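# when you get a sec, could you give me coordinates for this:
(4 chains)
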Protein chains: 2
Amino acid sequence: MSPDRLSKVFSALADPTRREILVRLSTGERSVTELAEPFDMTLPAISKHLRVLEGSGLISRGRDAQWRPCRIQAAPLKEAVDWIGQYRRHWEESLDRLDDYLQQLQAKQRKPAKSHDK
Amino acid sequence: MSPDRLSKVFSALADPTRREILVRLSTGERSVTELAEPFDMTLPAISKHLRVLEGSGLISRGRDAQWRPCRIQAAPLKEAVDWIGQYRRHWEESLDRLDDYLQQLQAKQRKPAKSHDK
DNA sequence: GCCGCAATTAACCAACTGGTTAAATACAAA
DNA sequence: TTTGTATTTAACCAGTTGGTTAATTGCGGC
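Numbers count the residues shown, from 1 in each chain, chains lettered A, B, ... in the order given. Below you'll find the predicted structure:
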């Protein structure tokens, strides 16, 4: 998968409206007007968001008479999560370090502490 | 964590230069010029990227004389991964469906198949 | 204090984004 | 064929983004 595809996925996810659309799609297919309903925004705006989502591969669209039902496509999300996953050890390590820090702090509460600001 | 913070993280990750910077930081602290070196881009451009990364909480910066060493902060990555994680079952299901499909396909290779387009 | 290096800020620019309104298209039903 | 509903496209606009060059700041060494 091209690096550019990853950029498209992340930038699609960067908008809260689009994330909310994905959340609503996670419980099943929705038409455009159904998706638009909770937002204080015109239909063309939603249509644009859907085009971005489609362009990133995060949704696909069918046809049912005049409706264009949208469904979520989770594969790109897996790609995104896999990319971020390479840093898993970093946040786990920093949680470890927080743990160490808290333990040190506890130790110091028994003995008088040395300064440690900044 | 505010929803806006998540937007900032995703939009920081949406740029390939910034993702590559994060990759290079994953092996340890780097100064700005060190980070800039592999890119065909001026220093102010890198400086802007770093500001975006810092604004999203993905890096923090120290001070060492005239250097401003950058280090990765993985906590926001965990937030991002946690958000995406709510869709894990979707991509696992679609892999399952792929599996089903392949099994059906295999079954049909023994019997003559019925049409299944659309 | 002055020089040199690291990095940021300022000012600018073209391209992209996220929204709007108005017009066009696609399809079903009457 | 006309009408109504769902959706997209076109044209426009303001704000943001990602880059540039030129100037500025911060700091150590002489």
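# just give the closest residue to A:Arg71, not the sequence neighbours.
In space, A:Arg71 comes closest to A:Glu29 once its chain neighbours are excluded; the distance is 4.9 Å by C-beta to C-beta, 6 or more residues apart in numbering or on different chains. (Each C-beta comes from the backbone N, C-alpha and C, glycine too.)
# separation between that neighbour and DNA strand C?
Taking C-beta to the nearest atom of the strand, to the nearest Å as the criterion, A:Glu29 is separated from DNA strand C by 17 Å.
# interface residues of chain A facing chain B?
The interface of chain A toward chain B, taken as C-beta under 8 Å from any C-beta of the partner chain, is made up of A:3-4, A:6-8, A:10-11, A:13-16, A:19, A:22-23, A:26, A:72-75, A:77-78, A:80-81, A:83-88, A:90-91, A:93-94.
# buried among these? Need that as a selection in PyMOL.
Applying 16 or more other C-beta atoms under 10 Å in any protein chain shown to the residues of chain A next to chain B leaves a buried subset, and the PyMOL line that selects it is:
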select buried, chain A and resi 6+7+8+10+11+13+14+15+19+22+72+73+74+75+77+78+80+81+83+84+87+90+91
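# mind checking which of the residues of chain A next to chain B land in strands?
With DSSP state E as the criterion, strands contain A:Ile72 from among these.
# among the residues of chain A next to chain B, which ones are in helices?
Counting by DSSP state H, the part of those found in helices is A:3-4, A:6-8, A:10-11, A:13, A:16, A:19, A:22-23, A:75, A:77-78, A:80-81, A:83-85, A:88, A:90-91, A:93-94.
# so what's the residue nearest in space to the middle of chain A closest to, chain neighbours aside?
The centroid of chain A falls nearest to A:Leu13 when counting by C-alpha atoms, centre = their mean (5.4 Å). Nearest-residue entry for A:Leu13: B:Phe10, 4.3 Å, with adjacent residues in sequence omitted and distances by C-beta to C-beta, 6+ apart.
# what's the answer for A:Glu54, then?
Nearest-residue entry for A:Glu54: A:Arg61, 6.3 Å, with adjacent residues in sequence omitted and distances by C-beta to C-beta, 6+ apart.
# count the residues that sit near the one you found.
The number of residues packed around A:Arg61, counting by other C-beta atoms under 10 Å in any protein chain shown, is 16.
# now A:Thr33: how far from A:Asp15?
When distances are taken as C-beta to C-beta, to the nearest Å, A:Thr33 and A:Asp15 turn out to be 20 Å apart.
# wait, I meant A:Cys70
16 Å.
# repeat for A:Arg30
17 Å.
# same check, this time on A:Lys8
The value you get for A:Lys8 to A:Asp15, if C-beta to C-beta is used, is 12 Å.
# check A:Pro76 too.
For A:Pro76, the distance to A:Asp15 under the criterion C-beta to C-beta works out to 15 Å.
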